[in-house]
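**Student:** here are the coordinates; sequence isn't available:
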DNA sequence: CCTTAAGAAATGTGATCACATTTCAATAAA
DNA sequence: TTTATTGAAATGTGATCACATTTCTTAAGG
């Protein structure tokens, strides 16, 4: 039978949406908020019956997610959520910094007051989510916050890559959050907003970098090893065990 | 009937390769070397019959390429090679610089003498390709050159993104090359190799940036507008007409 | 108790079919 | 000549089926 432990959060299904896109969006969201843990086997038929659709659109959705490195196709052709390692985690964060700094710099000339107003609204929502300890809202709104900035540059081409990184970080962050109470002790978003208001490039890039770092910075090497390698704690290449 | 103008260069078909992967690799290669021009309609059945396979694996291959932004899914669900614009081109080059500089920096600690030797061999092949005006070999070997450096860091995660950019640049470069005799007047690869030999980070990043810039730098705004907008030359947003 | 072997179940893959929509082309009207 | 219109062809989509491979389970043997 199908895997009963596989829960896919419902999503709004737009009318014009193809079933393949529905499957993609739903799976994507599930990965983004960490509903599917690393190591859990992801089967075509399992997902198909879970979403009550045929295998065909699921296969296409899985190909899309695999191409974004949100899923990993093994040699046996089985598909899994890629296990996290300490090295991979650091590469991910470093790459996220590099690309988002680039995106922020390219977006700054297009930042309007309307956009800043919207960012303030998102930031307020996030403040409330912090109090309510609503981590899923936190993840989603944080991505909206950053995406809203970078997408101001309408010719920007980095968003797909940034989203790919978010997708790779997602499944792990959810688990990491279980080991720590919360995150975002310092609110760097207000610094980002201030830098945008003054149109100060240097401040903006510093704030973005600080925000990304703070979002994962509480995961020092010790914490990482504790989460990643319950067995052999010395090996940072250990796969993430559940 | 199928589109007879659609020529897909043959590729070597490994034994363990699934048909879907074969379709993906072949299409990918065709895009990379510019065999499929922007604006050309890419149909599932057309590709399937061109490659003498069924539509199913073609669909999956197209999803993969769309996810890498090598193809573009229109609202009519039709798939096309994304048209180039001047702005998009500049964003692409800028993004390529940002990511490849990051990748180079992260790769430097892993560069061994063996790797440098291999780079020298590739560079030699490229020198010969320049003389022979073999542009396809030039494109392929240039990618091998850069990829060999970045992949030295075995935990690196930026290659898929770099390849995505190459894939987006590919179809356009082929057309641009028709308007210019050749490229690579100055050989920045030797500067890259020298920087790698001395393990000098600053020199390496400068050389990489210069190489990327030189690879497209001869396309100044005038040349771009000439290629992109044969009609309204003033509008840099014009789509690339064939 | 552990290992091994065989049968059963599950899985990925690719082809084919049906259906709705879109695109194209030929014809008719202005 | 140009513009509508109408029927045919083409196209994307999703479901289903068959087949080969893999994985899991069960039972026998040590």
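**Tutor:** Yes, it's here. Everything numeric here is computed off the predicted structure, so don't read it as measured data. Numbering: from 1, shown residues only, chains lettered A, B, ... in the order given.
**Student:** Next, give phi and psi for residue A:41.
**Tutor:** phi -70, psi 130 (degrees, to the nearest 10).
**Student:** Quick one: neighbours of it, just the number.
**Tutor:** For residue A:41, the number of neighbouring residues by other CB atoms under 10 Å in any protein chain shown comes to 13. Using the backbone N, CA and C atoms, a C-beta is placed for each residue, glycine as well.
**Student:** Identify the bridge partners of it.
**Tutor:** In this structure, residue A:41 bridges to residue A:80 when assessed by DSSP bridges.
**Student:** so it touches residue A:78, yeah?
**Tutor:** Yes - at 6.4 Å, residue A:41 counts as touching residue A:78 under the criterion of CB atoms under 8 Å.
**Student:** Flag every residue of chain A that's near chain B.
**Tutor:** A:18, A:20, A:56, A:59-60, A:63-64, A:66-69, A:77, A:85, A:87-88, A:91-92, A:94-95, A:98-99, A:101-102, A:106, A:153, A:155-158, A:160-161, A:164-165, A:168 (CB under 8 Å from any CB of the partner chain).
**Student:** Apply 6 Å and report the result again.
**Tutor:** A:60, A:63-64, A:67-69, A:87-88, A:91, A:95, A:98, A:102, A:155, A:157-158, A:160-161 (CB under 6 Å from any CB of the partner chain).
**Student:** Enumerate every residue touching residue A:100.
**Tutor:** residue A:208 (CB atoms under 6 Å, 6 or more residues apart in numbering or on different chains).
**Student:** Secondary structure class of it, three-state.
**Tutor:** Going by DSSP: H, G, I helix; E, B strand; the rest coil, the secondary structure assigned to residue A:100 is helix.
**Student:** Nearest the geometric middle of chain A, what residue?
**Tutor:** residue A:166 (2.8 Å; CA atoms, centre = their mean).
**Student:** List buried residues within the residues of chain A next to chain B.
**Tutor:** Buried members of those, scored by 16 or more other CB atoms under 10 Å in any protein chain shown, are A:60, A:63-64, A:67-69, A:87-88, A:91, A:95, A:98, A:102, A:157-158, A:161.
**Student:** between those residues, which is nearest DNA strand C?
**Tutor:** residue A:63 (8.3 Å; CB to the nearest atom of the strand).
**Student:** Could you list the residues in contact with the helix or strand the closest one falls within?
**Tutor:** Using DSSP states H and E, residue A:63 falls within helix A:55-67. Outside helix A:55-67, the residues that touch it by CB under 6 Å, 6+ apart are A:19-20, A:23-24, A:27, A:44-45, A:47-48, A:71, A:73, A:79, B:60, B:63-64, B:67-68.
**Student:** can you state the direction angle for it and helix B:55-67?
**Tutor:** 30 degrees (axes from the mean of the first three to the mean of the last three CA atoms, to 10 degrees).
**Student:** right, and the helix or strand after helix A:55-67?
**Tutor:** Following helix A:55-67 toward the C-terminus (DSSP H and E): strand A:72-73.
**Student:** Could you confirm whether that following strand reaches DNA strand D?
**Tutor:** No - Strand A:72-73 is not in contact with DNA strand D by CB under 7 Å from any atom of the strand; minimum separation 12.2 Å.
**Student:** which neighbours does that strand have in its sheet, and in what orientation?
**Tutor:** strand A:79-80 (antiparallel).
**Student:** How about the partner strand and DNA strand D, touching?
**Tutor:** No - judged by CB under 7 Å from any atom of the strand, strand A:79-80 stays clear of DNA strand D, getting no closer than 10.8 Å.
**Student:** hmm, that strand touching DNA strand C?
**Tutor:** Yes - counting by CB under 7 Å from any atom of the strand, DNA strand C has neighbours in strand A:79-80: residue A:79.
**Student:** next one: stretch A:53-70
**Tutor:** Yes - counting by CB under 7 Å from any atom of the strand, DNA strand C has neighbours in stretch A:53-70: A:55-56, A:59.
**Student:** Compare those residues and tell me which has the most neighbours.
**Tutor:** Neighbour counts for the residues of stretch A:53-70 next to DNA strand C peak at residue A:59, which has 21 neighbours (criterion: other CB under 10 Å).
**Student:** which of the buried ones among the residues of chain A next to chain B sit farthest apart?
**Tutor:** A:60 and A:87 (31.5 Å; CB to CB).
**Student:** if I look at the residue nearest to residue A:216 when sequence neighbours are not counted, how far off is DNA strand D?
**Tutor:** Nearest residue to residue A:216, sequence neighbours excluded (CB to CB, 6 or more residues apart in numbering or on different chains): residue A:93, at 5.3 Å. Applying CB to the nearest atom of the strand, to the nearest Å, the value for residue A:93 to DNA strand D is 32 Å.
**Student:** Kindly report the same for residue A:100.
**Tutor:** From residue A:100 to DNA strand D the distance is 31 Å (CB to the nearest atom of the strand).
**Student:** okay, residue A:179: pLDDT?
**Tutor:** For residue A:179, the pLDDT comes out at 72.
**Student:** what's the burial count for residue A:9?
**Tutor:** Neighbours of residue A:9 (other CB under 10 Å): 11.
**Student:** What strand or helix carries residue A:222?
**Tutor:** helix A:221-228.
**Student:** residues touching residue A:30, list them.
**Tutor:** A:8-9, A:36.
**Student:** How far does whichever strand or helix holds it sit from its chain's centre?
**Tutor:** Using DSSP H and E, the element containing residue A:30 is helix A:19-32. With CA atoms, centre = their mean, to the nearest Å as the basis, helix A:19-32 stands 14 Å off its chain's centre.
**Student:** same thing with stretch A:40-60?
**Tutor:** Centroid separation between stretch A:40-60 and its chain, computed with CA atoms, centre = their mean, is 22 Å.
**Student:** same deal with stretch A:29-44?
**Tutor:** 12 Å.
**Student:** again with stretch A:156-173
**Tutor:** 5 Å.
**Student:** Check what pLDDT residue A:241 gets.
**Tutor:** 30.
**Student:** right, I mislabeled it, should have said residue A:170
**Tutor:** So residue A:170 comes in at 85 (pLDDT).
**Student:** ok, how many other residues are close to it?
**Tutor:** Neighbours of residue A:170 (other CB under 10 Å): 22.
**Student:** Please name the nearest non-neighbouring residue to it.
**Tutor:** residue A:32 is the one closest to residue A:170 (CB to CB, 6+ apart), at 4.5 Å.
**Student:** And for the one you found, the neighbour number?
**Tutor:** 23.
**Student:** Which residue ranges make up the domains of chain A?
**Tutor:** A:19-80, A:86-228 (automatic domain parsing).
**Student:** Ends of the first one, what's the gap?
**Tutor:** The reference is to domain A:19-80. 22 Å (CA to CA, to the nearest Å).
**Student:** low-scoring stretches of chain A, by residue?
**Tutor:** Counting by pLDDT under 70, the ranges of chain A that qualify are A:1-5, A:180-186, A:217-218, A:229-242.
**Student:** got the residues of it near DNA strand C?
**Tutor:** Counting by CB under 7 Å from any atom of the strand, the residues of chain A that sit close to DNA strand C are A:1-3, A:41-46, A:55-56, A:59, A:73, A:77-79.
**Student:** related to what we said a few turns ago, so the residue nearest to residue A:216 is in which element?
**Tutor:** helix A:86-107.
**Student:** Quick check: the closest residue to residue A:167 other than its chain neighbours vs residue B:23, distance?
**Tutor:** Once flanking residues are discounted, residue A:167 sits nearest to residue A:70: 3.9 Å by CB to CB, 6+ apart. From residue A:70 over to residue B:23 the distance is 22 Å, taken as CB to CB, to the nearest Å.
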